[in-house]
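Visitor: From the sequence below, what's the structure:
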Amino acid sequence: MRSALRTLTLLTALLLVFSEQAAAHGFNYDEVYLAYLKLAPPSDWDKATDDYMSLLQGDMWGRAKRNELEWPTASKNAKERLKALVAKFNLSEPFEFVSKGEFGAYDPQSQTFEFSGADSNGSFFPYGGGAFAPQLSVTFLNGFEFRKIKVPADLARETIDNSYRQVEFSVTFVMVQSYAGTGRIKARIKSITFSDPFKHRTLATLTAR
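Guide: Numbering: from 1, shown residues only. Modelled structure (predicted):
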């Protein structure tokens, strides 16, 4: 009995910790999953709760499931907490992540590199989640706005010579749409900052139109 109560208390505390997210969302699985549920509330909250709790603390959640006496209360409390967490999740706060890619051809006349790393035909996957978590993917609706990256000729020359056009890019974006039961999320980019991954120098920052 004490073990079951301790498990229930820990589960409640765990959800409370995750209810106090930072202002800017990280591109980790749990925060992306909350955004996904906020945009398209599930028809089966029991399954959504099971997925979320299995992700956060699978062993603890498994122990709660195996206690027939405490499970009804534990599952009810966890579901209520998750619903509250989704309700207060702030979609207006941007997400951020850093990735690596490559510039394409450089046009000396316009001083722009071609870039296709944020196009809508590509998907990005949040960090973490584990092998058994439902797959979540994010695609950008306005990636086409970031196909021409203006970089001065001197920096462009160094990028081509020293890093084989490899770049690091930091994306700030907001989630705008999801499709219940699919794991697919549409997002809109607010800005992208490109940098040289070797010299750690900013090459360009572009803001969405």
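Visitor: mind giving me the domain split of the protein?
Guide: Annotated domains of the chain cover 2-88, 95-207 [automatic domain parsing].
Visitor: Redo the ones you listed as CSV? Include mean neighbour count and mean pLDDT.
Guide: All C-beta spots, glycine's among them, are computed from the backbone N, C-alpha and C. Putting the domains of the chain into CSV (neighbours: other C-beta atoms under 10 Å; pLDDT from 0 to 100) gives the following:
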stretch, mean neighbour count, mean pLDDT
domain 2-88, 16, 80
domain 95-207, 16, 92
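Visitor: so who does the residue nearest in space to the middle of the chain touch?
Guide: Of all residues in the chain, the one closest to the mean position by C-alpha atoms, centre = their mean is F27, 3.0 Å from it. Listed by C-beta atoms under 8 Å, 6 or more residues apart in numbering, the contact set of F27 reads F95, E96, F97, F124, P126, Y127.
Visitor: and the gap between the second one and W71?
Guide: Which is E96. Relative to W71, E96 is positioned 38 Å away (criterion: C-beta to C-beta, to the nearest Å).
Visitor: The host helix or strand of D59 - contacts with which helices or strands?
Guide: When elements are assigned from DSSP states H and E, D59 belongs to helix 45-65. Contacts defined by 3 or more C-beta pairs under 8 Å, 6 or more residues apart in numbering; DSSP states H and E place helix 45-65 against helix 2-18, helix 29-39, helix 71-88.
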